[in-house]
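[1] Need coordinates for the following:
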Amino acid sequence: MLVFALLLMPLLYLCGMAIDLSMAYMRRTDLQAAADAAALAAARALDGTEAGIASAAVRAAQVVNTSTYALTNTMTWNSAALRFSATPDLGGTWLPAAAVNAANVATMRYARVDTSALAEELGQVRTVFARAIDPGFQILRVGAQAVAGRSAVQITPLAICAMNNQARTVRVNAPGFEEIVEHGFRRGVSYNLLNLNPVGVPALNYQVNPIDFPPAIENAAHRSLATLRPMVCSGTVALPFLPNGASIYVREGFPASLTVELNSRFGSGSGSTCDPVSAPADTNIKEYTVSTFWMRMPVATPSLTQIPASATPVIGVGERKTIADVSGATPGTNRVSYGPLWAFAKPQRYDAATPATPGASFPTSAWPVLYPVATTEQADATSIYPADPGVPYKGTGVFKVTPSPSSYPRLAGRRILNIPLLACPVGAGGTATVLAVGSFLMTSRATDSPLGVHAEFGGLATADSLNSSTVLYR
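    Predicted coordinates:
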C-alpha cells in the first residue's frame, strides 16, 4: 500500500503528460494538414505570371480559412505565411508575394506555407497536467510547414523547329480572310512532325533529354532509348515547368523505334513497352485518316477508305514545309491533299482592331479560300461536321472509338502531344532554345516506315494548360 501511495502521483503526472502531449500532437496534425493543403493549392496556381502569384495567395487563403483546429475552431489566414521560390530547398531564397515581380516571376514555381506566421494561438497548446510538474510547461508550442511544387510537366520528349521564330504572324488568304499563324503553324492543319525543316531541305527533328536540363551538366546516358521510352510513353519530362526561352538538351533525329511508344495513346495492339496504367489510351482512339470522313471526297474517288494523314509536303528553296504553308493552290493537289482538317481546332481570324486578341473562328464555308487546291473541286466540309464550338475529336458517334476491351485504362487528352518548338538551327553542342510549346493532336497512329508522327496543330500551350504533377516536397 505504501509503494502504491508513493507511485500514485508520479503515475498520475505521467498519464496527464501523455494527455497533454496527445493534444499537442493533434494540434500539430491539424496545422500540418492545413499547411499541406494550402501549399498544394498555391503551387497548382503558379504559372510563371504575376496573376498566378495572386491566384496562389487567394487559393492558400481559402484553404486555411476553411480549416479547423481543436475540432471546432476556425483558422485565420495571414499572407505572411506564404512564400515563393525557384527551388524546393528550405535553405533557398523564399520571397513573399509582394517581392515577386516581372523580373523573377517566371522562376517562382514552389510555394511554402509556414503556420508560425499565422495567429500565435494556433501554435499554442495549453497544458492541463504538465504545468503541475514544471510551470515552464504551461504552454506547448507546435507548428508546421509544407513546400509544394510541380515535379513533372506534360511535354513529350520530341522537339521540332518552329517554322517561324515570330510567335504570331498574319496569313492573308484573301481580303477578309486574314488568319493568325503561330510560330509558322496553322490551327486545324495536320503536319508530319518528323518531315519539316524551316532552315534546310532534309527533315529536321530532335529527341529531348528528358532528365537533364541546363545549366546542369548533361548525362549522356539519359539520351538512351532505355531512358526515353518510359518518358515518351507518359509524355513527360522531369522538369516542373518549361517556360518560353528555356534551354534544353537535344540530339538530332527522333528514333523511329519510339513511334510504338507514341502509339500507346491508341490503346492495345500498339506493340509498345508502355505500362497501360501509367500510359493509358485516350478516351477516343478514332483515327481520322479512315472513314467516316467529314471532308468531301474527290468526285473521281468518292469511296476512299483512307486519306493522307497530314498535309502534302512541299520542298522549297532551303526549307521543307507543306502545301498549307504556301500561297495559292499547289499543282497536283485535290480535296484530301491537306489530310484531316479541323479534327482538333479551328483557325482564328486576325482582327486589326484588336491585334493582340484572336478573333472569331472561321466557319467551314471558308475552306475553299483557306485551303485552295489545283482542281475545280474545292475543299469542302460535309453536313456531319459538328456545329460550333464542337470538333470531331471531342464528338461522339462516328467521330469516336473507345479503347477495347472496355476495361483498358483510358484518359482524355492522351493523344495531345505538347511539343517544344525550337529556334533552329540548333548548335553543334545540342543545347536548344525553346521558343514555345505547341499542342498537337495525333490524328492517326505514328509510323516507322515511312517515318511519320502526324498531328494537327491546336495552338500554343500556356504554362497553366500543361498538365503536371503537383507534389509535396517537405
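[2] How many neighbouring residues does residue 68 have?
    Other residues lying near residue 68 total 12 when counted by other C-beta atoms under 10 Å. Bear in mind the C-beta positions are built from the backbone N, C-alpha and C, glycine included.
[3] Assess the claim that it and residue 33 are in contact.
    No - when contacts are counted by C-beta atoms under 8 Å, residue 68 is not listed as touching residue 33 (9.7 Å).
[4] isn't residue 318 right up against residue 199?
    Yes - in this structure residue 318 lies within contact range of residue 199 using C-beta under 8 Å: 7.0 Å.
[5] So for those two, which sits in the more crowded spot?
    Taking other C-beta under 10 Å, residue 318 and residue 199 do not tie; residue 199 has more neighbours (14 against 10).
[6] Shouldn't that one be within a helix?
    No - applying DSSP: H, G, I helix; E, B strand; the rest coil, one finds residue 199 to be coil, outside a helix.
[7] which residues does it contact?
    Residue 199 makes contacts with 161, 318, 319, 424, 425, as judged by C-beta atoms under 8 Å, 6 or more residues apart in numbering.
[8] after the longest strand belonging to the chain comes which helix or strand?
    Counting residues, the longest strand found in the chain (DSSP state E) is strand 431-442. Going down the chain from strand 431-442, the next helix or strand is strand 447-448, by DSSP states H and E.
[9] ok, for residue 62, nearest residue in space, not its chain neighbours?
    residue 41 (7.3 Å; C-beta to C-beta, 6 or more residues apart in numbering).
[10] can you count the residues close to the one you found?
    The number of residues packed near residue 41 is 22, by other C-beta under 10 Å.
[11] Residue 408 too?
    The number of residues near residue 408, taken as other C-beta under 10 Å, comes to 14.
[12] cool, and residue 227?
    18.
[13] Quick check: closest non-adjacent residue to it.
    residue 211 (6.4 Å).
[14] now residue 373
    residue 333 (4.4 Å).
[15] what's the offset of stretch 249-257 from the middle of its chain?
    21 Å (C-alpha atoms, centre = their mean, to the nearest Å).
[16] Span of that stretch from start to end?
    The first and final residues of stretch 249-257 sit 20 Å from each other (C-alpha to C-alpha, to the nearest Å).
[17] Residues touching stretch 77-85, excluding its own?
    Identification of contacts with stretch 77-85 by C-beta under 8 Å, 6+ apart yields 38, 42, 46, 53, 56-57, 60-61, 64-65, 92-97, 100, 108, 110-119.
[18] Please narrow those residues to those residing in strands.
    Judged by DSSP E, those include 110, 111, 112, 113, 114 as members of strands.
[19] Closest to residue 312 out of the residues you listed?
    residue 110 (46.5 Å; C-beta to C-beta).
[20] In contact with that closest one: list those residues for me.
    Counting by C-beta under 8 Å, 6+ apart, residue 110 makes contact with 43, 46, 84, 85, 86, 87, 88, 147, 148, 149, 240, 473.
[21] Mind picking the lowest-pLDDT entry from the residues you listed?
    Minimum pLDDT across those is recorded for residue 240, with 80.
[22] Check which helix or strand it maps to.
    Counting by DSSP H and E, residue 240 is part of no helix or strand.
[23] hang on, it packs against residue 150?
    Yes - Residue 240 is within contact range of residue 150, at 3.6 Å (criterion: C-beta under 8 Å).
[24] Residues that sit against both of the two, list them.
    109, 468.
[25] any low-confidence regions in the stretch 251-400 of the chain?
    269-270 (pLDDT under 70).
[26] Repeat that for the stretch 51-200 of the chain.
    Filtered on pLDDT under 70, the stretch 51-200 of the chain yields the residue ranges 127-138.
[27] And the helices in it?
    Ranges of helices in the stretch 51-200 of the chain, per DSSP state H, counting those that start in this stretch, are 130-133.
[28] OK, contacts around residue 332?
    Listed by C-beta under 8 Å, 6+ apart, the contact set of residue 332 reads residue 374.
[29] quick one: it from residue 374, how far?
    6 Å (C-beta to C-beta, to the nearest Å).
[30] per-residue confidence for the nearest residue in space to residue 287 that is not next to it in sequence?
    Of all residues not flanking residue 287 in the chain, residue 444 sits nearest, at 4.3 Å (C-beta to C-beta, 6+ apart). Looking at residue 444, its pLDDT stands at 96.
[31] For residue 444, list the residues it contacts.
    Going by C-beta under 8 Å, 6+ apart, residue 444 touches 287, 288, 289, 309, 454.
[32] what separates it from residue 268, distance-wise?
    In terms of C-beta to C-beta, residue 444 sits 17 Å off from residue 268.
[33] Need phi/psi at residue 318.
    Main-chain torsions, residue 318, degrees, to the nearest 10: phi 70, psi 30.
[34] repeat for residue 455
    phi -150, psi 140.
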